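Peer 1: compute the structure for the input listed below.
(one chain, ligands or ions: 2)
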Amino acid sequence: MDHIFKSLKEQNVNPGLLEAIAQFREKYPVEENLKRRINVPVLPYYGRDTFEMAAAALLQGENILLTGTKATGKNILAENLAYVFGRPSWNISFHVNMDSSALIGTDTFRDNEVQLRTGPVYDCAVAGGFGIFDEVNMAKNDAVSVLHATLDYRRILDVPGYDKIELHEAARFIGTMNYGYAGTRELNEALVSRFLVIEMPAPTEKTLTYILTNLFPDFKKEGLKQISGLFLDLQTKANNNEISTKPLDLRGLIGALKTVRAGLAPRRAIRMGIVNKSFDLFERELVEDIVMTRIPESWTPAEIFGAE
Ligand SMILES: Nc1ncnc2c1ncn2[C@@H]1O[C@H](COP(=O)(O)OP(=O)(O)OP(=O)(O)O)[C@@H](O)[C@H]1O
Ligand SMILES: [Mg+2]
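Peer 2: Ligands and ions are numbered 1, 2, ... in the order given. This is a model prediction of the structure:
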């Protein structure tokens, strides 16, 4: 049993659900040439309730949309799901200039004739893959409207100028979106209606402890307490609108901790990963003050990592 399945067990994920997933894997074996598309996630996703909701929806043939602020584990969860379900996956980044042909395919001239060069949604649909629509609300609505029949009960992909194809039974789509990020737009109702929507929870002390000790097994007790305390302080301030969500960046915190591991003083590391994420001078000072109460200037990497 690898670290992903082990983590699901540790988190007491509903055994009935895990059994149903195992049956799904057995029912839909993967062809040899697609195995390279099954990726073992680097990190387990932590969050039992969210995992259970997502897995139950996928088992019932639904597509899911993961919404939440930055670094709440949307991509980690999507990768974990594809892996646990034993499916090859396609990561498809949505962006403002994307059109439907980037999803489905384009005409190319090959062997003296016009042929379809298939796009990722097409390949995924045929292979019974899990397609991850990353930042789905970055794309223009008309670019994604071609997916309506793909995402609802019809399960077909209409390829203009070619045939209609039916989706493989195991194909699923997982959208991620970060509501309110610069550049995002409102998803149209027709599209949202084709997904079950899961709101990613903000990390709690328990989540942080799990994630951080998973990444840094020799985290010292006091160091961990202050680092996760710092994150939770920032979260409270952001919830109270005292600061923006810019410095509330778990990804940045993890990046900073890596530089501590490399020998950098914790305060300087936190400056790069957290404080400087805010470009407003006033806010930056506020954040620096919060950091000061948690992480003494004198701390060295030995206060954070090492044997106790
Ligand atoms: N619940 C969680 N379980 C495991 N890791 C998590 C979780 N939440 C956040 N992380 C950590 O946060 C980092 C970012 O995760 P991920 O890229 O999945 O976030 P995201 O929600 O897709 O963010 P964005 O909206 O910015 O794309 C990961 O490296 C991971 O370490
Ligand atoms: Mg993401």
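Peer 1: tell me the domain ranges of this protein?
Peer 2: Domain segmentation of the chain under automatic domain parsing yields 3-199, 205-304.
Peer 1: hang on, Asp233 packs against Met292?
Peer 2: No. Using Cβ atoms under 8 Å, Asp233 makes no contact with Met292, being 11.2 Å away. (Each C-beta comes from the backbone N, C-alpha and C, glycine too.)
Peer 1: spatially nearest residue to the closest residue to ligand 2 within the stretch 151-300 of the chain (excluding sequence neighbours)?
Peer 2: Nearest residue of the stretch 151-300 of the chain to ligand 2: Thr176, at 5.3 Å (Cβ to the ion). Nearest residue to Thr176, sequence neighbours excluded (Cβ to Cβ, 6 or more residues apart in numbering): Lys74, at 4.1 Å.
Peer 1: and Asp158, by the same measure?
Peer 2: Lys164 (5.0 Å).
Peer 1: what about the one you found, how many neighbours?
Peer 2: Per other Cβ atoms under 10 Å, the neighbour tally for Lys164 reads 10.
Peer 1: ok, Gly273 next?
Peer 2: For Gly273, the neighbour count with other Cβ under 10 Å is 22.
Peer 1: Thr176 looks like it's in a strand, true?
Peer 2: Yes. When classified by DSSP: H, G, I helix; E, B strand; the rest coil, Thr176 is found to be part of a strand.
Peer 1: ok so, going back, list the contacts of the residue of the stretch 151-300 of the chain closest to ligand 2.
Peer 2: 65-67, 74-75, 78, 132-136 (Cβ atoms under 8 Å, 6 or more residues apart in numbering).
Peer 1: just these that are near ligand 2?
Peer 2: Among the contacts of Thr176, proximity to ligand 2 is found for 74-75 (Cβ under 5 Å from the ion).
Peer 1: of the contacts of Thr176, closest to ligand 2?
Peer 2: Checking those against ligand 2 by Cβ to the ion gives Asn75 as the nearest, at 4.0 Å.
Peer 1: what's across from the nearest residue to that closest one once chain neighbours are set aside in the sheet?
Peer 2: Closest residue to Asn75 apart from its sequence neighbours, by Cβ to Cβ, 6+ apart: Thr176 at 6.3 Å. Counting by DSSP bridges, Thr176 is bridged to Leu66.
Peer 1: near ligand 1 at all, the helix with the most length in the chain?
Peer 2: Ranked by residue count and defined by DSSP state H, the top helix of the chain is helix 221-239. No. Using Cβ under 6 Å from any ligand atom, helix 221-239 never reaches ligand 1; the gap is at least 10.8 Å.
Peer 1: which elements pack onto the very next helix or strand once past that helix?
Peer 2: Under the assignment DSSP states H and E, the closest C-terminal helix or strand after helix 221-239 is helix 250-261. For helix 250-261, the elements it packs on are helix 205-215, helix 221-239, helix 266-273, helix 301-304, judged by 3 or more Cβ pairs under 8 Å, 6 or more residues apart in numbering; DSSP states H and E.
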